[in-house]
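Engineer: Provide a 3D model corresponding to the input given below.
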Amino acid sequence: MKILLISASPRKEKSQTFLLAKQVVNGCEDSRTAEIIHLCEQKIDFCRHCERCHKKILACPLKDDVKRILMMMLEADGIILATPNYINQVTGATKTLFDRSSHFIHCLRLMGKYVAGVVSSGSGQDKEVLSYLKYYANTCGAYYVGGISSRAPVDEEVLSDALKLGIKLCDAIKKKKEFPSQKRQIEERKEHFRRLIQARKNEWEEEYRYWVDKGWI
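Structural biologist: Residues are numbered from 1 along each chain as shown. Alright, predicted model coming up:
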């Protein structure tokens, strides 16, 4: 079982976000083998909307760390997305990474994977941010097992809940658990992108071939 933690706090291990996310990791089996990425240590450039990654899968003219991060996401069974809440949204680094993963959305590349969300803030008003992390997971085809958030500083009760979230994440992976309401939403989005991919098949050649190979078209 491969667990990947993507942490977006610029304060890295000193942050409340990471403290909370690490506790989710601790709830996972083989937690010591989990991979951790601090986005502030990565070079992540803005998407230029050239659509090259749709024409040739994951091809990109930007020479940075994004492709390596995306490949790690593809290799993981479970992904923990951890971010501070900046003005009721994920950090800029998180959003920029998501923008660069549009191929994941077109081809539902995270299907069969499970995502957990972690958010911290000064206010503790994090519902919208957790909802956005769930939206991103589902749009990429993944199941969202749940999220944890906390006003800083994180207290012991929330840390206990974070540990339980890690256990829940790994249990869902082992049992290949399905979430019926999310499954319906994923299928609806899949139908939307099926039409889009068919309409752009002459432009987005490799994405169209991916759909054909999957038997979705």
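Engineer: tell me what the helix or strand encompassing Leu19 is packed against?
Structural biologist: Using DSSP states H and E, Leu19 sits in helix 16-26. The contact analysis (3 or more Cβ pairs under 8 Å, 6 or more residues apart in numbering; DSSP states H and E) places helix 16-26 against strand 3-7, strand 78-84, strand 114-121, strand 143-151, helix 156-175. The C-beta positions use only the backbone N, C-alpha and C, and glycine is treated the same way.
Engineer: Quick one: closest of these to Ile36.
Structural biologist: For Ile36, the closest of those is strand 3-7, at 4.7 Å, according to Cβ to Cβ.
Engineer: And stretch 39-51, end to end?
Structural biologist: Stretch 39-51 has an end-to-end distance of 23 Å (Cα to Cα, to the nearest Å).
Engineer: can you pull the buried residues of it?
Structural biologist: Going by neighbour count (16 or more other Cβ atoms under 10 Å), the buried part of stretch 39-51 is 39, 44, 47.
Engineer: would you list the helices and strands packed on helix 16-26 in a markdown table and tack on mean pLDDT?
Structural biologist: Listed next are the helices and strands packed on helix 16-26 as a markdown table, based on pLDDT from 0 to 100:
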| stretch | mean pLDDT |
| --- | --- |
| strand 3-7 | 98 |
| strand 78-84 | 98 |
| strand 114-121 | 97 |
| strand 143-151 | 96 |
| helix 156-175 | 96 |
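Engineer: Tell me which of the ones you listed approaches Leu133 most closely.
Structural biologist: Per Cβ to Cβ, nearest to Leu133 of the helices and strands packed on helix 16-26: strand 114-121, 3.7 Å.
Engineer: What are the buried residues along that closest one?
Structural biologist: 114-121.
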